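Q: Let's see this in three dimensions:
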Amino acid sequence: MKILRTAALLGGLLATTTLAQAQKALTYTVDIDPKTQDLFQVQLQVPKLSKAQNVFQFAATAPGTYQVMDIGRFVRKFEAFDAKNKPLEVKQISTNQWQLQQPEKTRAIRYTIAETWDTPVTEHSVYRMCGTSLEADHALLNGQGIFGYLQGWQGKPLRIKLNYPADWKIGTPLTADAQGYYAAKNYDQAVDSPFLLGRLTEAKTKLGDAEVALYCFSKTDQVKAEPLLGYMQQMLSAAQAFLVQLPVKRYTFLYHFDDVSNGAWEHSYSSEYVLREAPLTPEFASQITSIAAHEFFHVVTPLNIHSEIIEQFNFVQPTGSEHLWLYEGTTEWAAGMMKLRGGLIPLEEYLKEMSGKVAYDHLQADTTYSLSKLGLNSFTDEGQRQYNNIYQRGALTAALLDLRLLELSGGKRGLREVMNELTRRYGPDKPFSEKTFFDDFTKLTYPEIGDFFARYVKQAEPLPLQEYYAKVGVRYTPVLHTGRQIVALGATDPSFGFNGNTVLLRDIPGSWQACGVAAGDQLVAVGSTAVVPATLRQALIELKSRKAGEEYELTLRRDGAEKKVRCRLLEQEDIRRYHFAVLPDATPAQLALRQAWLKNL
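A: Okay, the predicted model is just below:
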């Protein structure tokens with residue numbers, strides 16, 4: 001009887017605590033009805049407000065997006081009501097803010113908000129993986145695209161109830177209670193916790209003591225969750241070895257496969273992907289896994305290693321962080337090194353990927369634009385033009401930092417080991433100082449690292465690729481003349497853009513211009529082979545397998561009309577740019593450091 005009475009008392013206390021928490025939380029109800037023409041209906045129940053809570057704020061941006069979103073642009077109707085459900089006056093005072101004229105009487109806020117995918121805007125289009133969508137058989141919800149908050153109450157807990165079709169499945173990193181409410185400790189966590197709903201497939205696995213779940217929407221069912229997770233298993237195991245121990249107990253992958261690719265967005269306990277649908281071949285699965293490796297590593301940065309700018313994000317005024325190189329560049333480096341050390345790719349393929357990053361830095365970005373400046377200006381139009389280089393030069397810089405740390409420690413402590421130390425020092429709830437982090441990192445490691453940061457992160461000195469890679473017996477050559485003749489389309493290969501299932505020409509070689517091809521043309525076919533994004537690469541490989549001097553036909557579409565042009569394959573020297581190669585005659589010292597470099601210490 002005593003045990004039963006104690007259990008009953010404990011149950012009563014838990015019920016009381018749960019009720020108190022529910023009363024303390026701000027309760028949001030979202031109606032997700034595919035018949036509402038791309039509109040979400042949201043209601044917020046609020047406790048008694050003071051005059052200080054008179055402004056309702058929608059997000060100007062969100063962590064990890066580095067773009068202006070201005071979600072207030074998508075609000076179609078905003079209303080406030082008193083305890084008797086009588087409307088109260090509200091006034092829009094800026095793009096993202098509505099003022100409650102009688103906050104003390106307000107008990108409910110209701111608004112209609114349009115999805116971002118299908119709502120046209122004149123500037124700052126929201127990345128699809130960061131936005132919202134509502135279709136007949138599925139929906140995507142990102143917190144900042146649905147929820148606003150009362151100014152001053154960003155830290156208040158939330159309860160979220162979603163009303164959606166009964167036959168839909170839901171994927172999210174949050175967990176529902178017995179009443180179907182999802183709890184977030186504050187607005188930041190609500191934004192950090194996306195929802196994918198609809199006609200989904202689902203798969204789960206264990207990674208140590210952590211649960212990994214994968215939810216997948218595929219427009220024509222070409223991609224299913226179970227086989228996709230199977231393809232990703234080796235990467236996940238390699239990630240666990242690289243990190244020693246996963247810093248999360250549960251992680252969720254959310255995949256949306258349709259007609260367009262927009263990339264992926266990381267979160268602390270999940271990541272979401274908007275990718276073009278294709279048959280799940282080993283090659284396609286490898287591409288998906290490569291993207292997932294980067295996003296998965298964000299469980300380290302910024303979840304466990306971040307500055308106070310990330311700790312409580314400024315949703316009102318976009319604020320850049322000087323340490324974007326750490327959040328994105330180091331993560332991109334880690335994803336590549338994890339694949340190399342985990343045996344997913346050989347060293348030659350890894351070096352080829354690094355060559356591509358050098359090419360991007362030199363050919364498509366401003367090499368005088370420092371990583372610190374890029375981070376601070378990431379929300380500006382100027383910074384956005386350089387933004388993609390954070391994944392290229394950012395990763396190269398992290399790779400050189402790793403080599404420098406290994407050299408200074410005698411092969412006993414690289415960037416991986418320092419990142420794991422930083423994870424233990426900080427963690428999810430302890431930010432580092434935005435202003436002193438370079439100095440703190442230097443004190444934790446070696447004085448020479450301060451000079452490294454000054455030259456290659458704060459400033460934009462040319463990266464010492466030749467010098468640093470030579471330490472591990474790898475030769476870097478900016479321009480390598482092979483003397484070998486190859487078949488080519490022109491002095492340079494064309495570059496392409498994709499719009500749905502169409503392939504558009506961007507930069508084109510002079511030889512194509514000479515035979516009537518123009519930038520902006522749609523490439524319809526190569527010879528008799530129809531070209532779509534999924535078949536483009538193979539079509540070009542087959543074209544280059546022919547003999548030099550041979551004619552070939554391209555079918556183009558320009559201004560709605562098709563035309564055929566005939567071009568000729570060229571022969572030219574195979575000149576390798578930004579080339580890395582393993583030295584066969586490396587010294588014992590180089591081999592020793594290379595051995596440390598290629599394994600998890």
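Q: tell me the contacts of residue 425?
A: By CB atoms under 8 Å, 6 or more residues apart in numbering, the contact set of residue 425 is residue 444. Quick note: C-beta positions are derived from backbone N, CA and C, even for glycine.
Q: Residue 31 contacts residue 40, doesn't it?
A: Yes - counting by CB atoms under 8 Å, residue 40 is a contact partner of residue 31 at 6.9 Å.
Q: Which one of these two is surrounded by more residues?
A: residue 40 (23 against 15; other CB atoms under 10 Å).
Q: Grab the most central residue of this protein for me.
A: Among the residues of the chain, residue 265 comes closest to the average C-alpha position under CA atoms, centre = their mean, at 3.1 Å.
Q: And the helices in the stretch 451-600 of the chain, which stretches?
A: 465-470, 510-514, 533-544, 588-597 (DSSP state H, counting those that start in this stretch).
Q: quick one, which of these is nearest to residue 288?
A: With CB to CB as the criterion, residue 288 lies closest to helix 533-544 of the helices of the stretch 451-600 of the chain, at 13.4 Å.
Q: which helices and strands does that closest one pack with?
A: strand 474-488, strand 522-526, strand 529-530 (3 or more CB pairs under 8 Å, 6 or more residues apart in numbering; DSSP states H and E).
Q: re the thing from before, want to throw the helices of the stretch 451-600 of the chain into JSON lines with distance to residue 36?
A: Formatted as JSON lines, the helices of the stretch 451-600 of the chain follow (distance: least, CB to CB, whole Å):
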{"stretch": "helix 465-470", "distance to residue 36": "54"}
{"stretch": "helix 510-514", "distance to residue 36": "47"}
{"stretch": "helix 533-544", "distance to residue 36": "32"}
{"stretch": "helix 588-597", "distance to residue 36": "55"}
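Q: can you list the domains in the chain?
A: The chain breaks down by automatic domain parsing into domains covering 21-199, 201-296, 300-471, 490-568.
Q: sorry, back to before: doesn't residue 128 make contact with the residue nearest to the centre of the chain?
A: No - the criterion here is CB under 8 Å, and residue 265 misses it with residue 128 at 9.4 Å.
Q: Residue 335 is nearest to which of the helices of the stretch 451-600 of the chain?
A: Between the helices of the stretch 451-600 of the chain, helix 588-597 lies closest to residue 335; by CB to CB that is 16.4 Å.
Q: how much does that closest one deviate in direction from strand 474-488?
A: 80 degrees (axes from the mean of the first three to the mean of the last three CA atoms, to 10 degrees).
Q: Packing partners of helix 588-597?
A: Partner elements for helix 588-597 (3+ CB pairs under 8 Å, 6+ apart): helix 393-408.
Q: Only the buried residues of the helix it packs on, if you could.
A: In terms of neighbour count (16 or more other CB atoms under 10 Å), helix 393-408 has its buried residues at 393-408.
Q: which among those residues gets closest to residue 438?
A: residue 401 (11.8 Å).
Q: residue contacts, the closest one?
A: Counting by CB under 8 Å, 6+ apart, residue 401 has contacts 415, 449, 452.
Q: Mind putting those residues into TSV with distance to residue 186, pLDDT and neighbour count?
A: Converted to TSV, these look like this (distance: CB to CB, whole Å; pLDDT from 0 to 100; neighbours: other CB atoms under 10 Å):
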residue	distance to residue 186	pLDDT	neighbour count
415	32	97	21
449	35	98	19
452	36	98	22
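Q: Which of these sits closest to residue 562?
A: residue 415 (52.1 Å).
Q: Check the gap between the closest one and residue 447 for me.
A: Applying CB to CB, to the nearest Å, the value for residue 415 to residue 447 is 17 Å.
Q: again, but for residue 395
A: Taken as CB to CB, the span from residue 395 to residue 447 is 25 Å.
Q: So for residue 134, what's the pLDDT?
A: pLDDT, residue 134: 97.
Q: And for residue 318?
A: pLDDT, residue 318: 85.
Q: With residue 483 instead?
A: pLDDT, residue 483: 87.
Q: Take the domains of the chain and lay them out in a markdown table including distance to residue 590.
A: Shown next, in a markdown table, are the domains of the chain (distance: least, CB to CB, whole Å):
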| stretch | distance to residue 590 |
| --- | --- |
| domain 21-199 | 38 |
| domain 201-296 | 24 |
| domain 300-471 | 7 |
| domain 490-568 | 34 |
